[in-house]
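1. Give me a 3D structure for the following:
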Amino acid sequence: MSFWKSFFGQKKVTQGIKKSESPFMPEKKDPVEIAFAHNFTEKGGRFLFSDSDSDFEKFFKNILHENNWIKSDVFALDSEIAKNFDLEINKETTIVKEKKVAFINCEFLIANTGGILISSNQIKNLNLTQLPENIIVKARIAQFARDVSEGMSKLKAFYSKNLPSNITTLNAKNTDKESDFLSQGNSAKKIYLLLQE
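-> Here you go, the predicted structure:
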């Protein structure tokens, strides 16, 4: 099923008939895509969905334009991201302080919290406080996990012989809710998620 169809699909409404639900039946849960989208945007994250690479480049340019950034403001450690978006590959993590935005991949998108699981594969030896305030994350629909536990299980299965270090969860900062405890401090970031089917 398409991500957008499940996200924007219409619910069937039956008029005048209420289906009785047993208190012993498990509670129905939203699909992981819907739960993530809700929790991620509720925290202040922004995501753009595309089914093509060409849209990604257009979205990237729009993000730069919206924030008055130029390509030299972007910190990229991944050679594929650098190549696809015509960025300079940064092999030295010491220059991250000079940059306004980091462009990274992720391991998994955590549905129940709206967080993004990342590791040393994306941020090398940096911690969240060392990353710029703004982060662009590239991900695919196949990277959803219901919770951190499921994400860690998938991570262990994928990297069975060489588990990455520096595994952490990146959370979006909600600038509209400055009093929100979870979005305070340097570990919460302004996040743009480029999501591809």
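2. Strands along this protein, start to end?
-> 46-50, 74-76, 101-105, 108-110, 115-118, 134-140, 144-145, 168-172, 188-196 (DSSP state E).
3. so where's the protein uncertain?
-> 1-28, 175-186 (pLDDT under 70).
4. If we use 50, what do you get?
-> 1, 12-18, 179, 183 (pLDDT under 50).
5. Point out the other helices and strands that the lengthiest helix in it packs with.
-> Ranked by residue count, the top helix of the chain under DSSP state H comes out as helix 53-67. Counting contacts by 3 or more C-beta pairs under 8 Å, 6 or more residues apart in numbering; DSSP states H and E, helix 53-67 is packed against strand 46-50, helix 79-84, strand 134-140, strand 188-196. From N, CA and C alone the C-beta is placed, and that goes for glycine too.
6. Output the ones you listed as a markdown table; include the columns distance to Lys71 and mean neighbour count.
-> Below are these laid out as a markdown table (distance: least, C-beta to C-beta, whole Å; neighbours: other C-beta atoms under 10 Å):
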| stretch | distance to Lys71 | mean neighbour count |
| --- | --- | --- |
| strand 46-50 | 18 | 16 |
| helix 79-84 | 10 | 14 |
| strand 134-140 | 12 | 21 |
| strand 188-196 | 15 | 22 |
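7. residues touching Asp73, list them.
-> Leu64, Lys99, Lys100, Val101 (C-beta atoms under 8 Å, 6 or more residues apart in numbering).
8. oh sorry, the question was meant for Ser120
-> So Ser120 contacts Pro164, Ser165, Asn166, Ile167 (C-beta under 8 Å, 6+ apart).
9. Appreciated, that's everything.
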